[in-house]
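Chemist: Structure for the following, please:
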Amino acid sequence: MAKDYYKILEINKGASDDEIKKAYRKLALKYHPDKNKERGAEDKFKEVAEAYEVLSNKEKRQAYDQFGNADYTEYPSSRPNQHQQNFYTFQGDGRQTFRDFFGTDDIFSAFSQFSSFDFPQMNPQFDSFPSRSFGGNSYMKQDPPIQYELWVSLEDIYRGGIKKYKINKTNYVGNGQVYQEEKILNIEIKPGWKAGTKITFPKEGDKRPNIIPADIIFILRDQPHKLFTRVDNDIEYSASISLKEALCGNLILNVPTLSGEIRKIDFRNEIITPYTTKIIPNFGLPNHKDPRMFGSMKINFKIRFPSTLSQDERNQLMAILP
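Modeler: Purely as a prediction, here's the structure:
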């Protein structure tokens, strides 16, 4: 009777490649004979390996789905009324399949490659075990974290969004094989995040035998802005005005904002000094704990003085100014 490989791996017939890998990882760790000493565990371990070898191979899976038996598959021949016969025979080495998948023979190392929520539910007598291999080998070590500075504009801090970052990884697999992997990490920037915020992608570093891959950490940095300076959740804007505008009033200032709109501020009938400031509530950055709350915009003034004055202009100013 043909084996039901989907049932063995506890997956549906339409399972994706990732679901097949996840199922094998869970069951191979569960039934590995170095940990599971229950009767039938080793046979189950080999059976899981056999199911994985068939279903993870596109051609073998296609033949199995078509004929219902991976031990004997029949393919149409180019000659009329004839078929060519191919036989699939599992070599019975579940450990080799395990080695090729995890890149190690050590079940403890294999466990250490994955976070706790990926671990299979094991028999209670196997739930507690030291994170080191047999023979007194040292505890599994993790590569030191890899840190990158992520420069983000104030507009992105204001709105939030996704930043994409490309990394290149070296992965070591079974039988000494090495391949390079290019991966895009999607970094979620939440509104109001402060400089120094760390975003961690666990175990995304190079994969090496008996070593836990490094965490990749992005450290948020405020990209210098041509108009604004950030002070916590507030922003500061420096408006350049002439001495005449500062003294004579009649000034309506167009102030840019992070939202993109222009805010008109009326300074008519006001004398503006180098120490004058104007606070506009709710036009700063959002609070990262409550994005509905916003900081303020503080407007400072840079007054442009004339570089020269004629004697007549000096006399007029002397007569007018107190």
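
Chemist: wait, Leu258 sits on Asp156?
Modeler: No: look at Leu258 against Asp156 with CB atoms under 8 Å: they stay out of range, at 9.9 Å. In this view, the C-beta of every residue, glycine as well, is placed from N, C-alpha and C.

Chemist: More neighbours: those two, which one.
Modeler: Leu258 (22 against 17; other CB atoms under 10 Å).

Chemist: Can you classify that one as helix, strand or coil?
Modeler: Classification of Leu258 using DSSP: H, G, I helix; E, B strand; the rest coil returns coil.

Chemist: ok, and the closest non-adjacent residue to it?
Modeler: Leaving aside its chain neighbours, Leu258 sits nearest to Tyr158 (4.2 Å; criterion: CB to CB, 6 or more residues apart in numbering).

Chemist: Kindly confirm my reading that the one you found is in a strand.
Modeler: No: read with three-state DSSP, Tyr158 is helix and lies in no strand.

Chemist: What distance do you get for it to His288?
Modeler: Distance, Tyr158 to His288, by CB to CB, to the nearest Å: 12 Å.

Chemist: Between the two, which is the more surrounded one?
Modeler: Between Tyr158 and His288, counted using other CB under 10 Å, the more crowded position is Tyr158 (20 against 16).

Chemist: so what are the domain limits for the chain?
Modeler: Residue ranges for the domains of the chain, per automatic domain parsing: 5-135, 142-222, 228-320.

Chemist: quick one, helices of this protein?
Modeler: Counting by DSSP state H, the chain has helices at residues 5-8, 17-31, 41-55, 58-67, 94-102, 107-112, 124-127, 154-159, 243-248, 311-320.

Chemist: which residues does the spatially closest residue to Pro291 that is not a sequence neighbour contact?
Modeler: In space, and not counting its chain neighbours, Pro291 is closest to Pro191: 4.5 Å by CB to CB, 6+ apart. By CB atoms under 8 Å, 6 or more residues apart in numbering, the residues touching Pro191 are Ile157, Tyr158, Arg159, Gly160, Leu285, Pro286, His288, Pro291.

Chemist: One more: Gln147?
Modeler: Ile216, Ile217, Phe218, Ile219.

Chemist: on that earlier part again, ok, and the most crowded of the contacts of Pro191?
Modeler: Ile157 (27 neighbours).

Chemist: So for it, what pLDDT did the model give?
Modeler: Per-residue confidence (pLDDT) for Ile157: 94.

Chemist: Start the count at 14 instead of 1 going forward.
Modeler: Noted, 14 is the first residue going forward, which turns the last one into Ile170.

Chemist: contacting residues for it?
Modeler: Ile202, Pro204, Gly205, Trp206, Asp235, Arg243, Leu298.

Chemist: By neighbours, which of those residues wins?
Modeler: Neighbour count (other CB under 10 Å) singles out Leu298 as the most crowded of the contacts of Ile170, with 25 neighbours.

Chemist: so who does it touch?
Modeler: Taking CB under 8 Å, 6+ apart, one finds Leu167, Ile170, Tyr171, Pro204, Gly205, Arg243, Asn246, Asp247, Ile248, Leu271, Phe307, Gly308 in contact with Leu298.

Chemist: Chain neighbours aside, what residue packs nearest to it?
Modeler: Leaving aside its chain neighbours, Leu298 sits nearest to Asn246 (4.7 Å; criterion: CB to CB, 6+ apart).

Chemist: buried set for stretch 219-229?
Modeler: Buried positions in stretch 219-229, judged by neighbour count with 16 or more other CB atoms under 10 Å: Asp219, Lys220, Arg221, Asn223, Ile224, Ile225, Pro226, Ala227, Asp228, Ile229.

Chemist: what's the neighbour count on Pro287?
Modeler: If we define neighbours as other CB under 10 Å, then Pro287 has 9 of them.

Chemist: Many thanks, we can stop here.
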